[in-house]
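Asker: okay, sequence plus prediction incoming.
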Amino acid sequence: MRRALLAIAIAGAHALAPLGEGDAAKHAARSAAASVRREVVRTQTPRATCDTCHRPPAVCVCAALPAAPIKTETSLLVLQHPNEFRRRHFSTTPLLPLCVDRCAVRVGYGFEADDLPQFRDAAEPPLLLFPAAGAAPLDAAAAGAGGRTVVLIDGTWAQAKAMARKSPSLFASATPVCFADARASALEAVRREPEAHCVSTAEAAARALRLLEPTAAAAEAADRIEASLRLMVDHQLASIRDRPRERNARVDRQ
């Protein structure tokens with residue numbers, strides 16, 4: 001049925017375009033086909049997801065997660081760009097509340113410090129992990145930082161910079177920190193980072209926990225974050241390897 005709808009849409013699009021306007025006809029056909037595909041997606045039954053990690057069963061990461069979120073002295077606050085929230089099956093942020101008990105996620109394009117209890121009610125300024133001018137190395141800030149809140153901005157590098165511009169009160173109310181050195185991201189196998197210092201939000205959170213809190217709980221939480229991230233990457237690599245076989249199988253069925 002879906003193939004028939006696509007065929008009808010493409011044929012109709014060609015009929016709308018005058019003869020001799022090949023490019024216009026192709027563009028109309030693509031637009032019509034895309035509209036049909038969107039309608040099919042909207043009306044089809046939502047696919048099943050895991051009750052815990054909320055990912056499709058084939059890419060579930062629960063095997064790497066703790067039985068319950070781990071209680072740490074350090075708190076995490078993730079400020080997530082709406083586009084990343086919509087890509088939650090590909091985002092690493094959903095892993096964090098599953099591994100760390102004291103973790104909150106807020107979604108928006110910009111934030112006011114007074115609207116966030118982690119800022120408004122803090123005894124000490126939160127540590128804002130962002131490579132801003134004047135940011136202190138997190139390694140140096142780690143001394144005596146147990147129990148602090150670490151704020152992470154989740155988005156592409158361009159989105160993170162835009163969020164920073166729209167959130168001046170955060171930088172005025174927080175202590176900007178950064179990592180002293182760049183490390184390769186575990187996601188390099190499936191995506192290219194725009195800058196050497198860019199890593200996933202989950203990786204940054206795990207590294208911050210290790211630096212700020214030298215406890216067994218923080219170490220286990222960091223281990224679980226990294227293990228679930230590696231499993232997520234393994235699932236993506238397996239999916240990439242399987243795509244040629246899936247395409248060939250579809251051709252054979254036709």
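Answerer: Great, that's in hand.
Asker: show me what the longest helix along the chain is packed against.
Answerer: Criterion DSSP state H: the longest helix present in the chain is helix 216-253. With contacts taken as 3 or more Cβ pairs under 8 Å, 6 or more residues apart in numbering; DSSP states H and E, helix 216-253 sits against helix 95-99, helix 201-212. Where you see a C-beta, it was placed from the backbone N, CA and C, and this is true even at glycine.
Asker: quick one: the helices in the stretch 51-200 of the chain?
Answerer: With helices called from DSSP state H, counting those that start in this stretch, the stretch 51-200 of the chain shows them at 82-86, 95-99, 117-120, 138-141, 157-165, 168-173.
Asker: and the ones you listed as a markdown table, adding mean neighbour count and distance to Leu212?
Answerer: Shown next, in a markdown table, are those (neighbours: other Cβ atoms under 10 Å; distance: least, Cβ to Cβ, whole Å):
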| stretch | mean neighbour count | distance to Leu212 |
| --- | --- | --- |
| helix 82-86 | 15 | 24 |
| helix 95-99 | 23 | 15 |
| helix 117-120 | 15 | 15 |
| helix 138-141 | 16 | 7 |
| helix 157-165 | 16 | 21 |
| helix 168-173 | 16 | 19 |
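Asker: mind checking which of these is nearest Leu129?
Answerer: Closest to Leu129 of these is helix 138-141 (Cβ to Cβ; 6.9 Å).
Asker: and the closest one, what other elements does it pack with?
Answerer: Under the contact criterion of 3+ Cβ pairs under 8 Å, 6+ apart, helix 138-141 touches strand 127-129, strand 175-178, helix 201-212.
Asker: and the contacts of it?
Answerer: Under the criterion Cβ atoms under 8 Å, 6 or more residues apart in numbering, residues 127, 129, 175, 177-180, 208, 211-212 lie in contact with helix 138-141.
Asker: ok, now stretch 215-228?
Answerer: 53, 61, 64-66, 70-74, 95-96, 98-100, 186, 202-203, 205-207, 209-210, 212.
Asker: swap in stretch 84-92?
Answerer: Stretch 84-92 is touched from outside by 54-56, 59, 80, 93-94, 107, 154-156, 159, 187, 200-203, 229, 232, with contacts defined as Cβ under 8 Å, 6+ apart.
Asker: where does the stretch 51-200 of the chain dip in pLDDT?
Answerer: 88-89, 142-146, 182-198 (pLDDT under 70).
Asker: ok, now with 80
Answerer: Where the stretch 51-200 of the chain drops to pLDDT under 80, the residues are 87-90, 139-146, 181-198.
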